[in-house]
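Participant: Quick one, what's the 3D model for this:
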Amino acid sequence: MRRLFPVTDETDETAARPGVPAPDTGEAPDTGEAPGAGAVGGSVEREWSLEELAAAYAYPEPPPGGREPWLRANMVSTLDGAAQHEGRSHPISSAADMRIFGTLRGLADVVIVGAETVRQEGYRPAREREAFAAMREAAGQGPVPAIAVVSSSLELDFSWPLFTSPLVPTLVLTGAAAAPDRVAAAEKAGARVVIAGDGMGVDPVRAVRALAELGMTRLLTEGGPRLLGQLVVSGVLDELCLTVSPMLTAGDAQRIAGGPSLTVPKRFALASLLEEEGFLFSRYRRT
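Facilitator: Sure thing, here's the model as predicted:
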């Protein structure tokens, strides 16, 4: 993996963090050899360590008054804009993409996901990873991020391991008008129901606020497209981590975000860009 777009203040910040090596700048070391010798385009290609990935994707440092919620999304898209192939994102992913996927989960307090994505992708509880144990403990986090499922109908199979056997209780975000019997079924299975809307649906602003009140401020969403669209329109998305897959699928697959469009497009700024085997790993932050 090589860095294509280093950000000065990010590199300085992570280099200064005790015990964490500075991320690779993507430039070949000065060995006296001609540029590109033993490298591609003058950049050294190698697998980044967990510490380097964690430093590159670290959440912003909290302000003096305490940590504010920061919501980032992690999505993958093909060159022609498909967010999935045959209903799943895995076919357009890669090993490096999955390493970053795991790193983003390892840094998060909670992973927010739409009910349809839970069904399609067969979501399971986050698993504890020894490589992240010390890092999460130092950050005051539990062993794994909680999974928060957004659902208005609560038409979910509460016998799934996601609800019955997670290391930390799965959250279900829903509206105040959700069917009482479905709320009871979720709670009986061991899930924690969080009301984040006055009607059937979930208000993204209230959802972010409710999670923050539970001490979950490092937020990550993995979609799907409908949920991401709602988060974009509501103005609560702070950061987008987008993998651009060097694949073409054609067809009618969804984009990474769907639903109603904004009157005025939102502008985000490129924060960093990594590359491995033709996959681009971009990170954009709201301006």
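Participant: Got phi/psi on the most centrally placed residue in the chain?
Facilitator: What sits nearest the mean C-alpha location of the chain, by Cα atoms, centre = their mean, is Asn74, with 3.6 Å. As for Asn74, its main-chain torsions (degrees, to the nearest 10) stand at phi -120, psi 120.
Participant: For the protein, just list every one of the strands.
Facilitator: Taking DSSP state E to define them, one finds strands in the chain at 2-5, 70-78, 110-114, 146-150, 171-174, 192-195, 218-221, 239-245, 268-276, 279-286.
Participant: could you check the angle strand 70-78 makes with the third one?
Facilitator: Put simply, strand 110-114 runs at 50 degrees to strand 70-78, going by axes from the mean of the first three to the mean of the last three Cα atoms, to 10 degrees.
Participant: same thing with the fourth one?
Facilitator: Between the direction of strand 146-150 and that of strand 70-78, the angle (the same axes, to 10 degrees) works out to 70 degrees.
Participant: thinking again about what came up before, so of the strands of the chain, which one's packed in deepest?
Facilitator: strand 171-174 (a mean of 27; mean count of other Cβ atoms under 10 Å). (Each C-beta comes from the backbone N, C-alpha and C, glycine too.)
Participant: By mean pLDDT, which helix or strand of this structure comes out lowest?
Facilitator: Ranked by mean pLDDT, DSSP states H and E, the helix or strand of the chain with the weakest confidence is helix 8-15, at a mean of 43.
Participant: any chance of the strands of the chain in JSON lines, plus distance to Ala257?
Facilitator: Formatted as JSON lines, the strands of the chain follow (distance: least, Cβ to Cβ, whole Å):
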{"stretch": "strand 2-5", "distance to Ala257": "23"}
{"stretch": "strand 70-78", "distance to Ala257": "8"}
{"stretch": "strand 110-114", "distance to Ala257": "12"}
{"stretch": "strand 146-150", "distance to Ala257": "14"}
{"stretch": "strand 171-174", "distance to Ala257": "18"}
{"stretch": "strand 192-195", "distance to Ala257": "23"}
{"stretch": "strand 218-221", "distance to Ala257": "11"}
{"stretch": "strand 239-245", "distance to Ala257": "9"}
{"stretch": "strand 268-276", "distance to Ala257": "12"}
{"stretch": "strand 279-286", "distance to Ala257": "13"}
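Participant: can I get those in TSV with distance to Ile92 and mean pLDDT?
Facilitator: Converted to TSV, the strands of the chain look like this (distance: least, Cβ to Cβ, whole Å; pLDDT from 0 to 100):
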stretch	distance to Ile92	mean pLDDT
strand 2-5	20	81
strand 70-78	5	97
strand 110-114	18	97
strand 146-150	22	97
strand 171-174	27	98
strand 192-195	32	97
strand 218-221	18	98
strand 239-245	4	97
strand 268-276	15	94
strand 279-286	10	96
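Participant: Right, I'll call it a day here.
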